Structures are given as C-alpha cells and as structure tokens.
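> below is the structure, and that's it, no one-letter string:
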C-alpha cells in the first residue's frame, strides 16, 4: 500500500522535496494509515512530516484517550506532534452553529495555525474512496449540480472565513494521498502491520445523514444491487470532473470580465448561458468567502437577484448579497468568533426627543419643522396632487400619521442600524444604504436620523421608510422639514 501511496503522490505532484507536510491525525484507522505511510516515505521523497490532533471534547474520556494514543504513536515514530483541546459543544451553543459546522471551523482554525507557524506546504487528510462516494451521494440528495458529482479532489485550496471582522483571509493547500483507497484496504494495511487504532463510537451510530449512508445505504446497494457501487461512483466523479473543469474555465473568464468596482456587473452576467452563469456566481461566492453552506437554491436566488433593482438583496448562510446600481456585491456578515454573525450593537449615542406638535423644534443635530394636515378624498382623486407629496424636497418628509406608533426622536447612526427605504422590498443595513448612495464615509456619522420608537422613519436628504409612506388610504399627514442649524425663520 505504501508503494501505491507513493505513486499517487508522484502522479499528482502532491509533495515536493523540502516540503513540510502537516498530517491531520485523529487516531482513527484512516489517519493512522496515512501517518504511517507518509512517515515511511519521508526519506524517499525528501520532506518533513509533522502531525496535529484536535480534541473536540465531545466524547470526554474517550476523546482524551484518543489524544494520548496519537501523542504516543507520534513519539514512537519521532514525528513532531501538536495538539489542542476545545469544547465544541460549548462553542456551538455560544455561536448558534451546528455541532458539525462548529467542529469543522475550529478544527481547521487549529490546523491552519500549526500549518502557518511551521511553514508547511500542505495539510494531508485521510479522505479515502468511501468518503468520496458518501460525499457524492450527499450532494445528489441535497440537489447539487455537476460540481457536486465531482466529489472530493486529490488536491484543493481551502479558504477559511476570517475569524473576526477586518482580519485577513486565510487559506491553505489540502492533499489527500489516500483518496484512491477503499476503507477496507486501510484497515487491512494496519492489521498487517499489527498497528492499533482508535474507534470513534459516534461513527457507529446511524443518526447523522453521513452515517446513515455509510452504515446502511451503501452496504445495501453493494449487497443487493452492485458490489462495485463505490468504484462506479468514483468513476462518475472522474467523468464529471473533466466536464466541470472545462465549464468552470469558461465561467472564470466570464466573471473576470464582469468585475467592476468591487462587485460584478449584472449586464455581463445575465445573458450568460445558465451553466456558465451559475458557475460564475459560485466562483463569486468563493472569491468573497461566502461559499460555506451555500447550496444550489442560493445560487439560483442570486441569478434572480441580478435582474432586480438597486437596493434589493438576499441573505446567504455566510454573507449578504445585494444589488447596487447594476452591480452585484457579496459581503461577509460582521463577525465575532469564527464567522458568527454579530447581533446589532447598542452603543452609547445621544437621543433627542421631538414633540409631536406643530412648530419648529431645535436639537443639537439641527432644526425640524413639524406640520399636520388632512388629505381629503377629493384631494386624492387627482394623481398629480397625490404624487406632489411623494416627490417633494428630499429634506422634507410626508408620512402617514396613523402609521407612526410611538414617540419621535433624533440621533445619529449606531452599529447595527437598519432602514427600509420607501418602495423597497428589503430592510437593509444603514451602512449598506449609505454605500449604495455613495455617501462619503466621513459624513455618515453626522447625518441626523428621525426615529419613531426605535425604527428609522426618515433620513433627511434621502428617503422616508416604507413603513410610514403615504398610501391611497392615508387620511392624516405629518410633514417634517429638516431646516439644518440656525434656520428658525425659514
């Protein structure tokens, strides 16, 4: 088997002389076989092997035993060993992530740190043929496209989401020297070497989707339909990969031509044939670290978003996509630990009350003039008269008084503010609204915001909120004029 691993490495140029290779070592049969094979190939290929083990603390004592096993085997083989222990269940509860996603994120964060500190050229994982077949079936069940049929690649680049907003993106090279081997071959190899390994009892419970495939579905298919099912699934992935690579190259070219001002021109993407357009969107998600947990339904929704007006947007599992003047922008959510979305902040900010009465009222943020009047059914019969209220001076707001439920106040923006522009289908971050209107960042903190209760209802110089706009049923109107400072005689 070691000779076959050597051939796989050479055929795919996975390891070069002088490389440092980090083996992800759980202690299970797969990673134990990987560690032993790579250790025996160090001298022949001229690379340095190191190993890293992550203790998820999910299985308590048995997890600690696995860690001890890994440390002892690495010591026996003289392989430098790194380990970290972190409570995945607590982290998942704190961030709202699934246990599987939380474990993947913090495990790869740890591996990246070891990889970076040791100047490694790649991280070797023990994925094998059965893992690949399971992944392909999972993709099919979830409704994946052709890319999902390609399965796991023998080599790939993995980009991690930055752990906190503003930190640089992190990526590393993954290699999978065991990808062509069946699970049974790996265990037979270890038995032949009289080498023990750890058994993760959670892998023996048919509860998760992957375990159901591994323990029930694939064995039933092999026993009742075709004993070569796994090999045939892998063959399918090889054929799909050839087609996918070609189509992806066309999509990369198309996306390159669509790039503009930090976004992507919708007019360049909309006319593309669907297979190229969807791949271009997928690549755009990848470029913006937004591919995590994104499915075909999200890509389809983004294709539809391209046709919508400025200000439209959708929420993705790990990012927000929006249209701004014909361009598609994809932006990561503001983050706390490892990609968890921030809740809106409630930082200190001075709030100045406005009385709901006619006249001019002064605040440190400017003067406001309030007026009331009725809009009779006769006045509303003329379309021109009705639209006069909508198309008024941008420093003047006409609002349906009966839709204002609460006290009026004025303040400047705080982190987490959201605004629902009039006639827009979406509430959006105030920050995104200002970006879409090309407001100088230096000026944004000084713009007064008129609120009713805790909801922004008017931004002087821009728009009223959709929630207080005039409609055909409006009877009472509240008019607010922003006069700036020192304009009481106006």
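Received it, and whenever you're ready, just let me know what you need. Computed from a prediction, not measured in an experiment: that's the story for all the values here.

> first-to-last residue distance for stretch 421-430?
10 Å (CA to CA, to the nearest Å).

> buried set for that stretch?
421-422, 424, 426-430 (16 or more other CB atoms under 10 Å). (C-beta placed from N, C-alpha, C; glycine too.)

> residue contacts, residue 281?
Shown in contact with residue 281 (CB atoms under 8 Å, 6 or more residues apart in numbering): 269, 299, 302-303.

> what is the burial count for residue 227?
11 (other CB atoms under 10 Å).

> quick one on the thing from earlier: minimum pLDDT in the contacts of residue 281, which residue is that?
Within the contacts of residue 281, residue 299 has the lowest pLDDT, namely 91.

> and which of the buried residues of stretch 421-430 is nearest residue 453?
Nearest to residue 453 out of the buried residues of stretch 421-430 is residue 427 (CB to CB; 15.1 Å).

> what number of residues lie near the residue nearest to that closest one when sequence neighbours are not counted?
With CB to CB, 6 or more residues apart in numbering as the criterion, residue 427 has its nearest non-adjacent residue at 4.4 Å, and that residue is residue 420. Residue 420 has 22 neighbours, counted by other CB under 10 Å.

> one more: residue 449?
Using other CB under 10 Å, the number of residues around residue 449 comes to 21.

> residues in contact with it?
410-413, 417, 430, 456, 458-459.

> restricted to strands, list those residues.
Judged by DSSP state E, strands contain the following of the contacts of residue 449: 410-411, 456, 458.

> pick the one among these closest to residue 397.
residue 458 (4.2 Å).

> quick one: that closest one from residue 120, how far?
Residue 458 sits 55 Å away from residue 120, going by CB to CB, to the nearest Å.

> before we move on, what about residue 191?
On the measure of CB to CB, residue 191 and residue 120 end up 30 Å apart.

> who has more neighbours out of these two?
Shown here are residue 191 and residue 120; by other CB under 10 Å, residue 120 has more neighbours (24 against 12).

> which SS class is that one?
What DSSP: H, G, I helix; E, B strand; the rest coil gives for residue 120 is coil.

> before we move on, what about residue 49?
For residue 49, the assignment made with three-state DSSP gives strand.

> beta partners for it?
residue 21 (DSSP bridges).

> same deal with residue 396?
The bridge-partner assignment for residue 396, based on DSSP bridges, gives residue 481.

> among the buried residues of stretch 421-430, which two are most distant?
Using CB to CB, the two most remote members of the buried residues of stretch 421-430 are 422 and 429, lying 16.8 Å apart.

> give me the domain ranges for the protein.
2-127+176-227, 245-332, 352-484 (automatic domain parsing).

> lowest-confidence stretch among these?
domain 352-484 (a mean of 81).

> picking up where we left off before, which of the buried residues of stretch 421-430 sits closest to residue 19?
The closest of the buried residues of stretch 421-430, once distances to residue 19 are taken by CB to CB, is residue 429, at 43.9 Å.

> what sits against the nearest residue to that closest one once chain neighbours are set aside?
Closest residue in space to residue 429, ignoring its immediate chain neighbours: residue 418 at 5.8 Å, by CB to CB, 6+ apart. By CB under 8 Å, 6+ apart, the contact list for residue 418 reads 344, 427-430, 456.

> please, which helix or strand holds residue 172?
Assigned by DSSP states H and E, residue 172 belongs to strand 170-175.

> what are the buried residues along the helix or strand just after that strand?
Counting by DSSP H and E, the next helix or strand C-terminal to strand 170-175 is helix 183-192. For helix 183-192, the neighbour count (16+ other CB under 10 Å) marks 183, 185-186, 189-190 as buried.

> any idea which of the contacts of residue 281 has the most stuff around it?
residue 302 (24 neighbours).

> re earlier: closest to residue 87 among the buried residues of stretch 421-430?
residue 429 (32.4 Å).

> surely the closest one is in contact with residue 417?
Yes: assessed by CB atoms under 8 Å, residue 429 is found in contact with residue 417 at 7.2 Å.

> show me where the stretch 301-450 of the chain has helices.
Using DSSP state H, counting those that start in this stretch, the helices of the stretch 301-450 of the chain run over 377-380, 383-390, 430-436, 441-444.

> related to what we said a few turns ago, buried subset of the ones in strands among the contacts of residue 449, written for ChimeraX?
Restricted to buried positions by 16+ other CB under 10 Å, the ChimeraX selection for the ones in strands among the contacts of residue 449 reads:
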select :410,411,456,458
